[in-house]
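1. got a predicted model here, sequence first, then my questions.
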Amino acid sequence: MKHYFYIIFYLLSINIISCSYFENEQNYINVKAIEYQQDITSVEHTFENQFLILNPADIINVSDKYLIISDSNADGFIKVFKLPELDFLYSWGQQGQGPNEFQYIPLNEINTVDNKIIFYEIGTRFLRVYEVNDTTLTPVIEYSLKFEGQTNTLTGITRVKDDLYIAENAAMSDETNDELIALQPNNDKPLFYLGNFPNTQLSGFDKLYEYIKTTNASDDGSKIALFYLYHNKFKIFDSNGNLSNKYSVNDRDITHAENELMKFQFRSIKHASNDYLYLMGMYEYGEEIRNNIETFKTTFEKWDWDGNQIHRAKFDRPVHNFTVSEKYGKIYAYSHLEMNSIFEFTIP
């Protein structure tokens, strides 16, 4: 299971021209956002002198047994914690070409299944699978993940099942209108494509940026979710790439105007289970987020797979990424402002 196409939301939002490029709203099911509930409060776990998180990229729940934070720290780009106690166990992984080393450190293209963590190394175009235990990560197997004629790096890689991964369509051809590509490890032939870009005059990277998305899959691999960052919309697919429904969110608490210099940001998906989707809402212009990074509070959202928002509330402090353990009823988060802390919240 994988969230997604990783976004450091306040860095990727830099000055991209904003316009309304979405297709006719009549193709979407209109759903209403619910009112904000009381802020959810945090418990801080501080790890003085044990490790330093310099530039965290991802936080991942591994089978409700381990919590992993990926980071650009040269002393080990993976920090491993025991759940539910949140005891720090070890740092792991270096840049290089030896054992447990990576030519290109895969900070954000990380998936999990059972007790395993799956890295995607963009240089070799290989998935590298490791078993996580209390003392180290043990290599299990490697698979290629690429497609014939591929010219760009795969991004937004989400494991759906062992034999099915989806990614941003890296073809970058103006002749294709497919948003996502479905791939099988060790198979250079795409299985199928998912989603269609809206009709737009944009092309290449401009089109990808306008429709930046995050994806995730249910634990059983039967459903796939796609949420847009710059549009208040999302789509649900089955595991064969068929569109189940697409939704447009009506949110009376959001007021913003089109801005030629800044992008208004909505939400990104952080975790998914068979029953629920967990998202982080921004609801602000990128420039405003960056200017107020020390005080800006993101939003926790819980949705079901039928397009119903179950809960929405602000975090009580600046939170920049999180994951969820339904087993323990917890949200685990980090902040770029606290380099030695993990924050624990109870799922509302």
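-> Ah, there it is.

2. could you check the pLDDT of Thr26?
-> In this structure residue 26 is Gln, not Thr. On pLDDT, Gln26 comes in at 62.

3. for Leu137, same thing?
-> With respect to pLDDT, Leu137 scores 96.

4. neighbours of it, just the number please.
-> Here the number of neighbours of Leu137 (other C-beta atoms under 10 Å) works out to 22. In short, each C-beta sits where N, CA and C put it, glycine included.

5. all strands of the stretch 101-250 of the chain, in order?
-> 101-102, 110-113, 116-121, 126-132, 137-144, 158-161, 164-168, 178-183, 192-196, 213-217, 223-228, 233-238, 243-250 (DSSP state E, counting those that start in this stretch).

6. of those, which stretch is the most buried?
-> strand 213-217 (a mean of 26; mean count of other C-beta atoms under 10 Å).

7. chain center to stretch 152-161, what's the gap?
-> Relative to its chain's centre, stretch 152-161 lies at 11 Å (C-alpha atoms, centre = their mean, to the nearest Å).

8. likewise stretch 193-200?
-> With C-alpha atoms, centre = their mean, you get 20 Å for stretch 193-200.

9. what distance separates the start and the end of that stretch?
-> With C-alpha to C-alpha, to the nearest Å as the measure, stretch 193-200 spans 19 Å from end to end.

10. ok, and what's touching it?
-> 21-23, 166, 169, 176-182, 207, 210-211, 224, 226, 235, 237, 241, 243 (C-beta atoms under 8 Å, 6 or more residues apart in numbering).

11. next one: stretch 140-154
-> The contact list for stretch 140-154 (C-beta under 8 Å, 6+ apart) reads 109, 116, 120, 122, 125-131, 157, 165, 167-168, 170-172, 181, 183, 185-186, 188-190.

12. surely Asn55 is in contact with Ala74?
-> No: with contacts defined as C-beta atoms under 8 Å, Asn55 does not count as touching Ala74, sitting 11.1 Å away.

13. comparing those two, which residue is more hemmed in?
-> For Asn55 versus Ala74, the count of surrounding residues by other C-beta under 10 Å is larger for Asn55: 13 against 10.

14. excluding chain neighbours, what is closest to that one?
-> Using C-beta to C-beta, 6 or more residues apart in numbering and skipping the chain neighbours, the partner closest in space to Asn55 is Ser72 (4.3 Å).

15. just the pLDDT at that neighbour, thanks.
-> Looking at Ser72, its pLDDT reads 84.

16. C-terminal to the helix or strand hosting Gln265, what's the next element?
-> Element membership for Gln265 (DSSP states H and E) is strand 264-272. Later in the chain than strand 264-272, the nearest helix or strand by DSSP H and E is strand 276-285.

17. any idea which helix or strand comes after that following strand?
-> Moving toward the C-terminus from strand 276-285, the next helix or strand (DSSP H and E) is helix 286-291.
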